[in-house]
Structures are given as C-alpha cells and as structure tokens.
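Colleague: From the sequence below, what's the structure:
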Amino acid sequence: EEPMLSLSWLCVSLLGAARAEYEEGGAVTLYANKAGPFANPSEVYAFFNLPYCAPDEIVTKREDLGPLLKGDRPTKTKYEILFRHAISWKSLCKKHLTDAEAALFKQAIADDYYFEMMLDELPIWGYVGELETKSVNLNRQFDNSTRYHLFTHLDFSIAWNGKNIIEVNVSADPLQRVDLGTGARDVEFSYSVRWVASTVPYAERMSRYAQYSFLPQSFEIHWLSIINSFVLVLLLTGFLSIILMRVLKNDFSRYTHAEEEEEEEEESGWKLVHGDVFRLPPMLSVFCAYVGTGAQLFSLIVFLLVLAVMNTFYPGNRGAMYTAAIVLYALTAGTAGFVSAHLYCRLNGGDSSFWAWNLVLSGALFPAPMFLMFSFLNTVAIAYNSQTALPFGTILVIICIWALVTLPLTVIGGIIGRNSAKGKDLCTPCRTNKIPREIPPIPWYRQGPFQVFMAGFLPFSAIYIELHYIFASVWGHKLYTLYGVLLIAFIMLIIVTSFITIALTYFQLAIEDHRWWWRSLFSGGSTGFFVYAYCFFYYFERSEMFGFMQTSFFFGYMLIAAYAAFIMLGTVGFVSSLVFVLRIYRAIKCD
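Modeller: Below is the predicted model of the structure:
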C-alpha cells in the first residue's frame, strides 16, 4: 500500500499545477518567492527579509515536496493586479528607512541580489538595485565614491490569451531609483502594469523558458560537441575491442595448441591464475552491498532519464525532478536488496547466516552519508536563516518515505534475492586453490592507483562537456532542457566505463594478478573522483560563488553526487568484468 501511495504522489507531482482562468477585472495574486545573491543559487532568503513593503499579515502559499526542496516559499504581496486592467503608475507604500534597513539594502546591492516573483505559476526575476563604483560628478571629474542605487519602481508587462496569462516580464525603471549612498532615507515604492494580447496558446507558454536556456549558437555548439565526443568514444572503444579480440584470439589459439600437443610447457599469462581468479574478495559483504546499491542507483538514473526524455520535467513543473528522485529512490530500493543478497548468497553459499548484515549494509551505504551531509548543510542553512533550510515537517515526510517504503522494499528484495540464490553457486568454470598464489612483482605503472587513474580519465573525457552544462543548470540560473543529449552522454559513459574496465581487468590478469574484484569496482567508479576534481575547477574558474554557505553546499552535495557516481559506475565496471572473466575462462580447459 505504501509504495502505491508513493507512486500516486509521484504522478500528482509530475502533472504540475492546475490551469488557472481569469475573468476581466479578476484579481491576480503576485507572490514574492525569494531573494539572494545572483552568484549563489543555493543561498536564498525570504523576500521580505529585505525591508520592502510587506503586507500586514504574511501569507505563505502551500507547496509540494519538490518546490520546498528547491527553496521556494511563495508569499503574498501588496501588489493589486486585476486581469486586463492596466495601471500607469500606482504607489505601493512610502517608507522611511532606518540606518539598519538602508544597510540591508546596501549589502544586498553590493552582493548583486536578485529576487524571484511568481504570477500564475510563471517565474519573473529582477535585481534589487545597481552598484556604481565609479561615476562622473557635475564637474566632469571621476568620483570614486560607491553609489547604491535601489530600484523603487517595477513595471510589469503581462501577455494574455482568452482567460489565461501567457507571459510575464518585469523591469525596473532606471529613472525611478534612490541612491542610498548619499544618505537618502525616504523611499516610495511603486509599480505599473501593462497588458498585451498574445496569440501564443496556453500549452506553449513555458516554451520561452526552454528557449532562453540556450542561445541558438550555443545550442549548435552543444550538439556538435556531444556528436564529436560520441564519434571519439566509438572509435576508441572500437579500437580497444579489436585489439582485445586479437590478443584474446592469440591467447586461445596458443592455449588450445598447447593442450592438443599435450606439451609440458609452463603456463603463463591469465590462464596461470585460473585457480585464484574466482577466489572471493576480502570484505565480501561490503562488496556485495556496494554492487546492490550501484544497481539501485543505475535503475534510478535510467528511470529519471526516461521521465526527462518524455518531457516530464518541463520548466514550469517546479521541483518535479527532486520529487521524482526521492520517490523513485524509495521505489527502486528493492533492487539494492535483491542484487546484494542474491550475489552474496551465490558467492558465499545460500545458507550463509550473514546475509541479513549484508542487507543492512546495502540499505545504509548511500543513505547514511547522504543523511549526515544533509544534516550538516541544513544546519548551516538554518544558521544563515535561509529558505534553503528544509522545514521540520518536510524532513519528517522524507524520513517516513524512507522508513515505510525504502526499508521494507530493501528487506523484501533481499528475501527474494536470497531465496532465488538457494542451492545455486556462481557456476565458475575453474576450481579455486586452497592456498592463494603468490603475485609476482608488478611495475608501478601497472599497479592499482595508476590503473584506477587511467580507468577514470577516458569516461570522464567523454562526459566533460556535458558536465559543464549540467553544472551551469544545477549551480546556476540556466535551465537544462536537452535531456536527449544527456541520455546520449549517459549511454556513452556506460559503454566507455564497461570497455575500459574489461581491458584493464584483462591486462591485470595477464600479469598474473588475480585480485580483480575490488580493482574492477574502483576502476569503474574512478570517474567519480574526476567529477569531484572538476568541481574545484568549476568553482574557482567558471563560477562566481562566494561565502561559507554556498561553498559548503556546492562541495558538500557534489561530494555525495560524486560518491553516487562512484558506486553506480563501479557496479557497471564490476559486472562487465565478471561477465568477461567468466567468458574467457569457460573458453579454455582448466585442470
């Protein structure tokens, strides 16, 4: 019943807001959503934290989970807007700013604050004011005193079609501004409203936000760059597979020839380690839990990409992706339980009593670090009095989803996985020796750290360009709408990770190093390290983020994202290597 509730909630969230219709002269509510430094997308505050004209009673609109996670808290304003009624100029209120209020505005202008309002679920943005650090005085001489110009007049331009609002724009009148730097304290806030007839149908009113996200020129560059990466990846994987196939063919013919001739030739290469290649890895329970968690994250990303390509996360559906990610993570928990328990029981024997501990691990490997990071960052947001801090009620809802959906599904998946593995083993083609074989000396460039570095570099180079656009969307104000390109990039990433891990596993076995289990997981997942390293480049070279709160949010949540990428791609690498190793050892005769 609980999973069905989660599924219905997901459907409601993805459908978006209901269509609003207005009669001529009907009241249209304008909501003030948030304000904050333009360079810091995570650092958002309540609009009325700034000393604007607040209504007598602050009324906040009820929001779903997604917008709350996004930091949206729409609050009613004093603006009186009537459908299709133009206002040439109207006073909102007169205020005498105290020194403290003026200082708040001056700091906001210095930090390049923007605000976001909402009219009929359409977002509109504007700046609080304008900073002039150099200006020319009346004697045509440079005056180095800083000027803080506060915008006091907002001009709303609203397009309508029939009974619907189609488009909203807001602009500040540069002639109606107050210089707070000169000591001016008496301020009158005002506004004007213009109504413009439009032929754009209601169904297409969100398309302009998608168009704004990329200019035509950058749109072409985006597609060209992804096609370029795709061709390079195809060539690299093609060359790699051809070389690997030729090498394997030579190995097979050499081993087969030796068997036919029944020569007492000393075995060499990967055949030599056939008695150790299927030796169970250390910390098997943790290993299986990582593979199960990786399978869950892989299924989560696939479902999210399918929904995205179906245009579910259109610009007007605020926070839909956040809701979908949480609900789908809960619903795919059975995958983690099933895969980890099934693999553990197949490798360790179906009657193993430690499978329950394995289940606990698979249920905690990702959520536990995520919860710890969230607790720290939410505390930071509360200390800053930011809207990004989640309300206690929302945190309870997420904990309930985890406790009532994620945990039960993990346990059910684990029980099914264990029962389906009873009486079965891995069906390995070679028996494992009782005594582990000694590993010969390995040159530094073929050891673990160097191999892991090589494994992550190629997949990262395939998605490097796409990462820039994703970062500009998540940690900026651009809207990401090219989900088809993202799907291609994801497929490329999986293919390259799989191929490079298989190749490196082969080279590892060829030098008689049989410790490939954990190595394949780390080789596949090493792209996560590169993603986190890219965060530093993006923060210092591509963004203008500042302040402790934004910095901690950026590096904190990106650490969790990189960790998730490590687990998911590590699973892809291990599964690919396992299939490859089983295939090559089944093709030869083992004693």
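
Colleague: Name the spans of the stretch 301-450 of the chain whose pLDDT lies under the cut-off.
Modeller: For the stretch 301-450 of the chain, the stretches with pLDDT under 70 are 349-353, 423, 429.

Colleague: in it, which spans are helices?
Modeller: All helices of the stretch 301-450 of the chain, identified by DSSP state H, counting those that start in this stretch, fall at 320-331, 333-348, 355-364, 367-383, 392-401, 407-421, 448-474.

Colleague: angle of the first one against helix 392-401?
Modeller: The directions of helix 320-331 and helix 392-401 differ by 40 degrees, with axes from the mean of the first three to the mean of the last three C-alpha atoms, to 10 degrees as the criterion.

Colleague: counting contacts, what elements does helix 320-331 pack onto?
Modeller: helix 2-15, helix 65-70, helix 284-309, helix 392-401 (3 or more C-beta pairs under 8 Å, 6 or more residues apart in numbering; DSSP states H and E). No exception for glycine: its C-beta is placed from N, CA and C like everyone else's.

Colleague: helix or strand right after the second one?
Modeller: Beyond helix 65-70 in the direction of the C-terminus, DSSP states H and E gives the next helix or strand as strand 75-76.

Colleague: Just the mean pLDDT for that next one, thanks.
Modeller: Taken as a whole, strand 75-76 carries a mean pLDDT of 94.

Colleague: Give the next helix or strand downstream of it.
Modeller: Next element after strand 75-76 (DSSP H and E): strand 81-82.

Colleague: Please work out the average pLDDT along that next one.
Modeller: 93.

Colleague: quick one: contacts of it?
Modeller: Under the criterion C-beta atoms under 8 Å, 6 or more residues apart in numbering, residues 25-30, 87, 119, 156, 158, 193 lie in contact with strand 81-82.

Colleague: rerun at 10 Å
Modeller: 22-30, 87, 90, 119, 156, 158, 165, 168, 191, 193, 195 (C-beta atoms under 10 Å, 6 or more residues apart in numbering).

Colleague: roughly how far is the helix or strand following that strand from the heart of the chain?
Modeller: Counting by DSSP H and E, the next helix or strand C-terminal to strand 81-82 is strand 87-96. Distance of strand 87-96 from its chain centroid, counting by C-alpha atoms, centre = their mean, to the nearest Å, is 42 Å.

Colleague: Stretch 200-207 too?
Modeller: The answer for stretch 200-207 is 28 Å, by C-alpha atoms, centre = their mean.

Colleague: Counting neighbours, which bits of it end up buried?
Modeller: Of all the residues in stretch 200-207, those buried under the rule 16 or more other C-beta atoms under 10 Å are 202, 205-206.

Colleague: ok, now stretch 377-384?
Modeller: 377, 380-381, 384.

Colleague: Please apply the same query to stretch 54-72.
Modeller: Per 16+ other C-beta under 10 Å, stretch 54-72 contains these buried residues: 54, 63-72.

Colleague: Next, the distance between the ends of that stretch.
Modeller: End-to-end distance of stretch 54-72 (C-alpha to C-alpha, to the nearest Å): 18 Å.

Colleague: same question for that stretch, mean pLDDT?
Modeller: Per-region confidence: stretch 54-72 scores 86 on mean pLDDT.

Colleague: What is the distance between that stretch and the centre of its chain?
Modeller: What separates the centre of stretch 54-72 from the centre of its chain is 24 Å, taken as C-alpha atoms, centre = their mean.

Colleague: just checking, residue 25 touches residue 84?
Modeller: Yes - with contact defined as C-beta atoms under 10 Å, residue 25 counts as touching residue 84 (7.4 Å).

Colleague: more neighbours, those two?
Modeller: residue 84 (17 against 9; other C-beta atoms under 10 Å).

Colleague: Look up phi and psi at that one.
Modeller: The phi and psi values for residue 84, taken as degrees, to the nearest 10, are phi 70, psi 20.

Colleague: What residues does it make contact with?
Modeller: Residue 84 sits next to 22-26, 28, 158, 160, 163, 165, 193, 195, 197 when contact means C-beta under 10 Å, 6+ apart.

Colleague: ok, of those, which one's closest to residue 569?
Modeller: For the contacts of residue 84, the residue nearest residue 569 by C-beta to C-beta is residue 165; the value is 44.7 Å.

Colleague: Identify the residues contacting the closest one.
Modeller: Contacts of residue 165 by C-beta under 10 Å, 6+ apart are 20-22, 28, 81, 83-84, 119-122, 158-159, 195, 198, 202, 205.

Colleague: what do you get if the cut-off is 8 Å, keeping everything else the same?
Modeller: 20, 22, 28, 83, 119-120, 122, 158-159, 205.

Colleague: Paired strands for the helix or strand containing it, with orientation please.
Modeller: For residue 165, the element it lies in under DSSP H and E is strand 164-172. Sheet partners assigned to strand 164-172 using DSSP bridges are listed as strand 153-161 (antiparallel).

Colleague: rewinding a little: now distance to residue 341 too, for the helices and strands packed on helix 320-331, in CSV please.
Modeller: Output for the helices and strands packed on helix 320-331, formatted as CSV (distance: least, C-beta to C-beta, whole Å):
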stretch, distance to residue 341
helix 2-15, 19
helix 65-70, 30
helix 284-309, 7
helix 392-401, 22
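
Colleague: out of these, nearest to residue 509?
Modeller: Across the helices and strands packed on helix 320-331, closest to residue 509 is helix 284-309 (C-beta to C-beta), at 18.3 Å.

Colleague: Give me the pLDDT value at residue 252.
Modeller: Among the per-residue scores, residue 252 holds a pLDDT of 69.

Colleague: do the one 4 residues further on as well
Modeller: The pLDDT attached to residue 256 in the predicted structure is 69.

Colleague: go on, residue 140?
Modeller: Looking at residue 140, its pLDDT is 49.

Colleague: And residue 14, by the same measure?
Modeller: Reported pLDDT at residue 14 in the predicted model: 54.
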